[in-house]
Each structure stands twice: as C-alpha cells, then as structure tokens.
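Chemist: Predicted coordinates and the sequence they were generated for:
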Number of protein chains: 2
Amino acid sequence: MSHEFQNDADSFSGTASAESQPYAEKGAAPVDGIEQFIEQMGMSAQADGVPRIAGRIFGYFILHGGPVSFAQLARELKVSRGSVSTNARILSAIGFIERVTKPGDRQDYYQLAASPYLRMIEGYLGRMRRMQNILGQANENIPETMTATRARLAQMNHFYEVAVKSNEQLLKELT
Amino acid sequence: MSHEFQNDADSFSGTASAESQPYAEKGAAPVDGIEQFIEQMGMSAQADGVPRIAGRIFGYFILHGGPVSFAQLARELKVSRGSVSTNARILSAIGFIERVTKPGDRQDYYQLAASPYLRMIEGYLGRMRRMQNILGQANENIPETMTATRARLAQMNHFYEVAVKSNEQLLKELT
DNA sequence: TACTTTGTTTAGCTCAAATTGAACGAATTG
DNA sequence: CAATTCGTTCAATTTGAGCTAAACAAAGTA
C-alpha cells in the first residue's frame, strides 16, 4: 500500500471490519481529529461559497491522499452517490483532485492532485483578471469628464495589477 | 463640491431634477457605463459569496467616492432602507466604506474608505490564517503514526505560510 | 405634545443552490 | 440473457440567505 492509513488500508472508519465505528456515527459531532478536520474543511468551503460536500471531499483527500474509490467516498462521507458525482467533478475540474483508473477495476478512483494549492492561486488570479476586465469596460464607457471617478477606477486597476503580479510571483515560487 | 459628478452634484441619475432618467429606469438592463459597472460589481460580489447589494453599493462608492446619504443610496440603487442598513454596515465593518457626519444634518453619510483594497488583502490574510488554525488543530489531534497524512498537512501548512508572507509583503508594497 | 424624519430590526416571502433519491444507461459478470 | 454494479442525470425536497415591507425606536421640529 502506498499510504499508511490506519490498519484498515481501505477505510478510515473501519466500516468494512464490522461493528466498531470510532467516529462518524449518526449525525453526531466529530469525535476525533480526522472527522473534525474534514468537517472544518466543509465549513470553510461553505464560507467561501463552495458546496460543503466539495470541501469535505477535499479534506478527505488531503488526509487520505491515495486513490479512493467513488463508492468509498460516498460511504465514508455519508453522502449520496449523486453528490459525490457532482462534487468530485467540480473538484477535478478545479484541479484539486484527479481521476485515476485501476487496471481490471471498473470503479472510478480519485486521488489528490499533484499541486492543488497552485490551482488555488490560479483561482485568485482568475477572479482578479475578471475584475480588471470590468474595470477595462468601465474605462471605455465612462466619460472623460468624470475625472475623479476615472481616477478612482485607475487606482483600483493599479491595485489589481500589483496584486496580480504578486500572485504570479508567488505561483512561480511555489512551482 | 468635492467631486465632479454630472451637473447634479447630489445624484447620478438626476432624480431630483424631475423627469429625465438617463438610466436605471424600471428593471431594465443597464443603459450606460455607470449602471453597468455597478451591476457588474454586484454580480462579482455575488460570485464571491458577498450579498449582491453590498457589491452594488461598493461599486457605487468607487464611482462616486464622496459622502453620500443613506437615503440617496436607497433611492439611486432602488433598494429598501433595510438592505442599505445591513449592507452598508457590512461594508463599513470590512472597512470598504466609512460613516461620516455632516454638522447640522441628522442623516447618515458614507464615503469610500481611504484604502479599501488593503482591506481586501487583509481579508485574504484572515481566511488563510483561519485555515492555518485548522491545520494547527489537525496537527495536534492526528496521531503520529499517520505519517503520510501528517506530511500532506505539513505541506499544506507550508503553502499557507508562503502565501501569507507574500500577501503581507504585498500589503506593505501598497501602503 | 403631536408629527416628521431617520436608521434598525424583525417577520415573511422569494429565489437559488445543495442534497437526496430514484430512474436510467452502460458495462460486467454469472 | 438475466442480474449486478457503477456513475450520471433529473425531479423533488430542503435549506439557507437576501431582500422587502412594516413595525419600531430614537431624535429632531412644529
């Protein structure tokens, strides 16, 4: 096995090994670091406008890393297959996780992407450039006569230019 | 007047000066750069998980800058006083706008804050530190034996450390 | 004191997005 | 070919948040 996750290599919670469920029972509060982390990632995601389940899945992969089957995700996170389907697709579209195949296994497997954090920065950059776009339009459409307004827009644009450069730099550093 | 906004110094849309309403009539699409910018800021905010009206108010202030009365905001953006109340409070809590008073005037006035963009970065920093917090907890609660997991968490933490430093640097640059 | 103006708060409506569950099609296996 | 298994999709439900309108409190003004 490529990772040393618990004695049960296929599962956090040992669902496969019968009765004992050290955490994640019912709708109870997180009972240990694992559950807690996953849950916090969910909350965090939600706060950032991302579906909570996507956050939980991402959290799960940060902890687990290695290839995890679609079914296992649904089982361990206790969500419907539908949710796993959509949210895993979201995550892999962003580039946080990626699909992998196991020869002779029909199931879908996912694993943590190589550098999910770079994608995070790329996300920021995307939003900033979108803002610069809006500013560009404003610059075209707002009359010359409104000099103070145009000055503020220019200032705002300047901010984004510096910020974009800074994050591009950061991206390089982390590569 | 401290700003050269249209001939009507108190209003974008000249509501005060009777019938003409060059833009912003009914629920119609934006008809010029001003309206368009405000609306795009609203959409942008919404996409970032911020109430749309907060975004529109912020957009309004980027364009207008100067002290604007509470009532005027509600009137020109065509939103309820309740919405103005809550959203202006949000924006001033973040530090994007600030309340000012006019002697002998009971109304609330708001104006664009001195450096709203710095606050934006501070916002990023806050979220990143919150993530580092979560990672700190995980580091405490996750058993030593799960070395690969802990390695991934450490890597994640490293990312945030670098990112935080980078943004602190950016903050300095812009000050 | 009655009346107006101003901002906040609260209850309720609306709307969008998340999540589920079931139906479905594709692939596999017996 | 039946019977499973798997992932996607779609309809329905739930949830939550934004927004409004109305009630309200505070602070003038007549």
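Modeler: Sure thing, it's come through.
Chemist: mind listing what the closest residue to residue A:59 other than its chain neighbours touches?
Modeler: Nearest in space to residue A:59, with sequence neighbours left out and distances taken as C-beta to C-beta, 6 or more residues apart in numbering or on different chains, is residue A:41 at 3.0 Å. From N, CA and C alone the C-beta is placed, and that goes for glycine too. The neighbours of residue A:41, taking C-beta atoms under 8 Å, 6 or more residues apart in numbering or on different chains as the test, are A:55-56, A:58-59, A:62, B:134.
Chemist: Spatially nearest residue to residue A:124 (excluding sequence neighbours)?
Modeler: Per C-beta to C-beta, 6+ apart, closest to residue A:124 is residue A:167, 5.8 Å.
Chemist: For residue B:165, see how far away the one you found is.
Modeler: Distance, residue A:167 to residue B:165, using C-beta to C-beta, to the nearest Å: 13 Å.
Chemist: Next up, identify which helix or strand whichever residue of chain A sits closest to DNA strand C is on.
Modeler: The minimum distance from chain A to DNA strand C, using C-beta to the nearest atom of the strand, falls at residue A:82 (2.8 Å). When elements are assigned from DSSP states H and E, residue A:82 belongs to helix A:81-94.
Chemist: Say whether chain B is contacted by that helix.
Modeler: No: applying C-beta under 8 Å from any C-beta of the partner chain, one finds helix A:81-94 separated from chain B by no less than 14.7 Å.
Chemist: helices and strands around that helix, which ones?
Modeler: Judged by 3 or more C-beta pairs under 8 Å, 6 or more residues apart in numbering or on different chains; DSSP states H and E, the packing partners of helix A:81-94 are helix A:52-64, helix A:70-77, strand A:97-100, strand A:109-112.
Chemist: Could you check the angle the longest helix belonging to chain A makes with helix B:52-64?
Modeler: Ranked by residue count, the top helix of chain A under DSSP state H comes out as helix A:147-174. Interaxial angle, helix A:147-174 versus helix B:52-64 (axes from the mean of the first three to the mean of the last three C-alpha atoms, to 10 degrees): 120 degrees.
Chemist: Which neighbouring elements make contact with helix A:147-174?
Modeler: Counting contacts by 3+ C-beta pairs under 8 Å, 6+ apart, helix A:147-174 packs against helix A:116-141, helix B:52-64, helix B:116-141, helix B:147-174.
Chemist: I'd like to know which of the ones you listed is closest to DNA strand D.
Modeler: Nearest to DNA strand D, of these and by C-beta to the nearest atom of the strand, is helix B:52-64 at 3.6 Å.
Chemist: quick one: low-confidence parts of chain A?
Modeler: Scanning chain A for pLDDT under 70 picks out A:1-31.
Chemist: can you tell me the helix or strand for the residue at the greatest distance from the centre of chain A?
Modeler: In terms of distance from the mean C-alpha position of chain A, residue A:145 ranks first, at 44.8 Å (C-alpha atoms, centre = their mean). Assigned by DSSP H and E, residue A:145 falls within no helix or strand.
Chemist: Around DNA strand D, which positions in chain A sit nearby?
Modeler: Residues of chain A lying close to DNA strand D by C-beta under 7 Å from any atom of the strand are A:69-71, A:81-82, A:84-86, A:88-89, A:106-108.
Chemist: of all those, which comes closest to residue B:139?
Modeler: Nearest to residue B:139 among these, counting by C-beta to C-beta, is residue A:88 at 26.7 Å.
Chemist: ok, that closest one - contacts?
Modeler: Counting by C-beta under 8 Å, 6+ apart, residue A:88 touches A:57, A:70, A:73, A:97, A:110.
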